[in-house]
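Q: missing the sequence, but the structure's below:
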């Protein structure tokens, strides 16, 4: 079974600054996806970024980028130029490729607050 | 968005009563999931479906049952609700061959 751990229950950052959210995972699989989801106060689950394990290049989406360290089983999310709208709960998630039926395993979540 | 609707959005019920939550999709996606969200636990998989009448248990399935008689509908039933089932419930869908899950807006269930 896979486990995903987010060790930072809460983080805060000033507007326009950079913040990094941590995520570690445990798996014996070699081929998988990793995701970061954002959940604002509206409760909507929004996919922020995804990484395929077989790709060495770190994924980026505008102000969001990841630092994927496969050997260390680490998958951190960096948010640059933080905006007030980035205030949300962030979840790291794991999906095995293949016969897993696309099930996601989530971390506990990190509450990020962006201060003006 | 992804054409997924959950109902109801909020529900308050009493211990021991049956409760059914509905997830409806208009995307004709094969895979559907029910998750619950609790503080300190993130989202945990309750049950999932990989086709009509094809369902299986997730990691927290005790006390829950599901049914999928049509592609578009996935029902989650609490046969006899308990206070420990107070939670936010999310439905999600995924298309064949894709890795993206699309989530509904959630149902806040309170069992008193």
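A: Yep, it's here. Bear in mind that the values here come from a model prediction, so they are computed numbers and not experimental data.
Q: What spatial separation is found between the residue nearest the centre of chain B and chain A?
A: The residue lying closest to the centre of chain B (CA atoms, centre = their mean) is residue B:34, at 3.0 Å. Residue B:34 sits 11 Å away from chain A, going by CB to the nearest CB, to the nearest Å. All C-beta atoms are positioned from the backbone trio N, CA, C, and that covers glycine.
Q: helices or strands up against the one helix or strand that residue maps to?
A: Per DSSP states H and E: residue B:34 is located in strand B:31-38. Helices and strands touching strand B:31-38, as assessed by 3 or more CB pairs under 8 Å, 6 or more residues apart in numbering or on different chains; DSSP states H and E, comprise strand A:104-106, strand B:19-25, strand B:42-51, strand B:64-70, strand B:73-78, strand B:87-94.
Q: Make TSV out of these and add mean pLDDT, distance to residue A:21 and mean neighbour count.
A: Formatted as TSV, the helices and strands packed on strand B:31-38 follow (pLDDT from 0 to 100; distance: least, CB to CB, whole Å; neighbours: other CB atoms under 10 Å in any protein chain shown):
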stretch	mean pLDDT	distance to residue A:21	mean neighbour count
strand A:104-106	95	14	24
strand B:19-25	97	29	19
strand B:42-51	96	13	21
strand B:64-70	97	31	16
strand B:73-78	98	30	19
strand B:87-94	96	21	24
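Q: would a markdown table of these with distance to residue A:92 be doable?
A: Formatted as a markdown table, the helices and strands packed on strand B:31-38 follow (distance: least, CB to CB, whole Å):
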| stretch | distance to residue A:92 |
| --- | --- |
| strand A:104-106 | 7 |
| strand B:19-25 | 24 |
| strand B:42-51 | 9 |
| strand B:64-70 | 25 |
| strand B:73-78 | 25 |
| strand B:87-94 | 16 |
